[in-house]
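missing the sequence, but the structure's below:
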């Protein structure tokens, strides 16, 4: 489970154990869109893109993980899934929102940080 606010504080996203993710309008106290679900597994971590138009998620099935970027208003993925045979963690967008950084366990010689371009 994870809870995150958008940069301007007007939106809040909550992921739960049911694999779902719900975005709320914090000013009105209402759902901002219908809930959506990652078919891969439970959403363990999430982060709004700086412009609040999309959300990055890490979903797991207990031993593997998938990182995706979603258009939360349409409940559709807007990036190819990045699949890993380990549990990824630590989402971070660059200030311009065009790079997504996350980590995963790797050999000691590597930092484990992965960078992906996001359009």
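Okay, I see it. Everything numeric here is computed off the predicted structure, so don't read it as measured data.

switch to C-alpha atoms for all contacts and neighbour counts from now on
Fine.

contact partners for the nearest residue to residue 63 once chain neighbours are set aside?
Leaving aside its sequence neighbours, residue 63 sits nearest to residue 86 (Cα to Cα, 6 or more residues apart in numbering; 5.8 Å). Residue 86 makes contact with 63-65, 104-105, according to Cα atoms under 8 Å, 6 or more residues apart in numbering.

what do you get for residue 66?
For residue 66, the contact set (Cα under 8 Å, 6+ apart) comprises 40, 57-60, 81-84, 88.

quick check, pLDDT for it.
Predicted confidence (pLDDT) for residue 66: 91.

what strands flank the helix or strand that contains it, and is each parallel or antiparallel?
Using DSSP states H and E, residue 66 sits within strand 65-71. Strand 65-71 has its sheet partners listed here by DSSP bridges as strand 54-60 (antiparallel), strand 76-77 (antiparallel), strand 82-84 (antiparallel).

in terms of mean pLDDT, which of those strands ranks lowest?
Across these, strand 82-84 gives the lowest mean pLDDT, at a mean of 83.

can you list contacts of that strand?
Applying Cα under 8 Å, 6+ apart, the external contacts of strand 82-84 come out as 64-68.

ditto for stretch 45-65
Residues outside stretch 45-65 that contact it (Cα under 8 Å, 6+ apart) are 1-7, 13, 15, 19, 38, 40-44, 66-73, 83-93, 95-97.

any weak-confidence spans in this protein?
Flagging of the chain using pLDDT under 70 yields the residue ranges 17, 105-119.
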